[in-house]
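Asker: Okay, sequence plus prediction incoming.
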Amino acid sequence: MTSKKATLPRLPASSAWLVMPFLLSILMTFVVSGVSTVRSIGLSPIFLERWMSAWVISWFIAFPTLLFALPIVRRATAALVAPPAR
């Protein structure tokens, strides 16, 4: 008997330009807003509520910013880094 693992349907490769900044913005804003909230109010009883509020606000700013900035950052990186040797 063979068992098949359930797999999630995958998005087409053409959606990578949107998926990568989406995931990156979630991760980065989650970590940075958490650190900032801890530094601001400490691990108080309202920490989680304040953190999630700060995270949502920061994500709404970060995601469109990444969509705008990523092409610029890619060009700047290409100008600073030598292409791979063949």
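Answerer: Nice, thanks for sending it over. Numbering: from 1, shown residues only.
Asker: Relative to L66, how far out is the residue nearest to the spatial centre of the chain?
Answerer: For the chain, L24 is the residue whose C-alpha lies nearest the centre (C-alpha atoms, centre = their mean; 1.8 Å). L24 sits 6 Å away from L66, taking C-beta to C-beta, to the nearest Å as the criterion. All C-beta atoms are positioned from the backbone trio N, CA, C, and that covers glycine.
Asker: same deal with R86?
Answerer: Computed as C-beta to C-beta, the R86 to L66 distance reads 31 Å.
Asker: more neighbours, those two?
Answerer: Under the criterion of other C-beta atoms under 10 Å, the comparison of R86 against L66 puts L66 first, with 17 against 3.
Asker: dump the residue contacts of the closest residue to that one other than its chain neighbours.
Answerer: Sequence neighbours aside, P21 is the residue nearest to L66 in space, at 3.9 Å (criterion: C-beta to C-beta, 6 or more residues apart in numbering). Counting by C-beta atoms under 8 Å, 6 or more residues apart in numbering, P21 touches 63, 66-67, 70.
Asker: Tell me which helix or strand P21 sits in.
Answerer: P21 belongs to helix 16-41 when elements are defined using DSSP states H and E.
Asker: quick one: that helix to chain centroid distance?
Answerer: 6 Å (C-alpha atoms, centre = their mean, to the nearest Å).
Asker: Quick one: name whatever helix or strand follows that helix.
Answerer: helix 47-80.
Asker: Mean confidence (pLDDT) on that following helix, please.
Answerer: For helix 47-80, mean pLDDT rounds to 96.
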